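Q: build me a structure from this.
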Amino acid sequence: MNHWISDPAVLRERLERRPARVGLDTEFIRERTYWPQLALVQLAIDDAASKQEILLIDPLVPGMCAALAPLLTDPSVLKVMHSASEDLIAFKRACGVLPMPLFDTQIAAALAGIGAGMGYQRLVQERLGVALAKGETRSDWLRRPLSSAQLEYAADDVRHLDTLYLDLADKLDALHRRAWHDEDSARLLATAGDNGGERWPHLSLRAAQFLDTAGQRRLLRLLRWRETYARDSDRPRNWILDNELATTLARNPPIDRASLQRQLDAIPKAPRSLTDPLWQALTTPVADEADAPPVRGDDRDKAALRKLQDAVAQISLELGLPDGVLASRRWLEALLDGHDWPGALAGWRRTQLETRLTPLLAGGGSAEASV
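A: Residues are numbered from 1 along each chain as shown. Now for the predicted structure:
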């Protein structure tokens, strides 16, 4: 049974009795803003009598997010979600809290060997044999009232989460991989809760590899400034400064503010109103820019990288893990560049990989990938 909840007092009353777990999802809009705008919260509650109640909660109502927050942070209630990364950011922005503890069915499906990056509809189809409608994917979820088709679509997004949880949790437990899932979910929550932004955003721009050291530092300054400005003004990054213009300014910096103004005036979509802060960002060093790792291009030892990739592929095959789950190319490149086991390669992944990859790293890839 589906219930539309537009009164915080009604929500608090319905949540007085806390279940062991809930299915949780959101609908949000992020077309014209930096932050996702929380437009709907779907909550599925299954009781011991195999009855299900789905609450469709209107977070646009004043006080609704405050009424929801105690459930989100209740450590005794497991929140079952699918591909939760952006939903977490939406909750953090609107409610000021993150839903935890978390069970992410997309992560679980990958670690159980079912498939990497699987969408909710496909996972429900493959595991439960249920075909879900796709018609409201691009709906305007901020409009009121929502249509019956929108509400049914939204309810479907949480209707099967509990059944998926039972299925996937059993598979993870049988494979002794529940701790792997919990580690990856904790990392997801930590990322969503980090307000600092990416430290080295220039590394993700392919064009940055063609800049000299000074140019890469200027690009870092511009991207750091853009991130802060986009967050503070709640506007998309590329509305502030697109990657192409940022790279151009870093490569060929104007000699003075007037030169920058002329350059911006010649580009139709350039941020001409932001000339002063843009000039300040371009010409003001950031405190840690000397520590910034250089952007690498095709100068890595391709044979060494291939040996690492082959070893990872073999280990993945032995573990029954889909491609890309154990270690991405980017993570392996970081290892080759001499960085310690980065980010997601720490923890359980390092345990699975270190013995086989260390000889390859020590020999610059010259050792044979014994398997």
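Q: my guess is S185 contacts T105. True?
A: No. In this structure S185 lies outside contact range of T105 using C-beta atoms under 8 Å: 10.7 Å. All C-beta atoms are positioned from the backbone trio N, CA, C, and that covers glycine.
Q: neighbour count for the two, which is higher?
A: Comparing S185 with T105 by other C-beta atoms under 10 Å, the one with more neighbours is T105, at 28 against 20.
Q: buried ones in the helix or strand bottoming out on mean pLDDT in the chain?
A: For the chain, counting by mean pLDDT, DSSP states H and E, helix 329-336 ranks last in confidence among helices and strands (a mean of 88). Residues of helix 329-336 classed as buried by neighbour count (16 or more other C-beta atoms under 10 Å): 331-332, 334-336.
Q: stretch 249-256: end-to-end distance?
A: Across stretch 249-256, the terminal residues are separated by 12 Å (C-alpha to C-alpha, to the nearest Å).
Q: stretch 237-255 now?
A: In stretch 237-255, first residue to last residue: 25 Å (C-alpha to C-alpha).
Q: how about residues contacting that stretch?
A: Stretch 237-255 is contacted by residues 34, 205, 207-208, 210-211, 215-216, 218-219, 222-223, 226-227, 229-230, 233, 260, 262-263, 267, 269-271, 274, 278-279, 282-283 when judged by C-beta atoms under 8 Å, 6 or more residues apart in numbering.
Q: could you work out the most separated pair of the buried residues of helix 329-336?
A: The largest separation in these, counting by C-beta to C-beta, is between W331 and L336 at 10.0 Å.
Q: re earlier: and the next helix or strand past the least confident helix or strand of the chain?
A: Using DSSP states H and E, the helix or strand that follows helix 329-336 in sequence is helix 348-362.
Q: quick one on the thing from earlier: keep only those of the contacts of stretch 237-255 that are in strands.
A: Judged by DSSP state E, strands contain none of those.
Q: dump the residue contacts of C95.
A: Counted by C-beta under 8 Å, 6+ apart, C95 has contacts 38, 59, 65-66, 68-69, 72.
Q: cutoff 10 Å now
A: Taking C-beta atoms under 10 Å, 6 or more residues apart in numbering, we find C95 in contact with 38, 41, 59, 64-69, 72-73.
Q: and R257, by the same measure?
A: 275-276, 278-280, 282-283.
Q: from those residues, list the buried ones, please.
A: The neighbour count (16+ other C-beta under 10 Å) marks 275, 278-279, 282 as buried among these.
Q: and of the residues you listed, the nearest to S83?
A: Closest approach to S83 among the buried ones among the contacts of R257 (C-beta to C-beta): L278, at 35.3 Å.
Q: any idea how far L241 is from that closest one?
A: Distance from L278 to L241, counting by C-beta to C-beta, to the nearest Å: 7 Å.
Q: now the strands for the protein?
A: Going by DSSP E, the chain shows strands at 2-5, 21-29, 37-46, 52-57, 78-81, 102-104.
Q: want to try JSON lines for those strands, with distance to A155 and mean neighbour count as columns?
A: Shown next, in JSON lines, are the strands of the chain (distance: least, C-beta to C-beta, whole Å; neighbours: other C-beta atoms under 10 Å):
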{"stretch": "strand 2-5", "distance to A155": "5", "mean neighbour count": "16"}
{"stretch": "strand 21-29", "distance to A155": "10", "mean neighbour count": "23"}
{"stretch": "strand 37-46", "distance to A155": "6", "mean neighbour count": "23"}
{"stretch": "strand 52-57", "distance to A155": "5", "mean neighbour count": "20"}
{"stretch": "strand 78-81", "distance to A155": "15", "mean neighbour count": "25"}
{"stretch": "strand 102-104", "distance to A155": "20", "mean neighbour count": "24"}
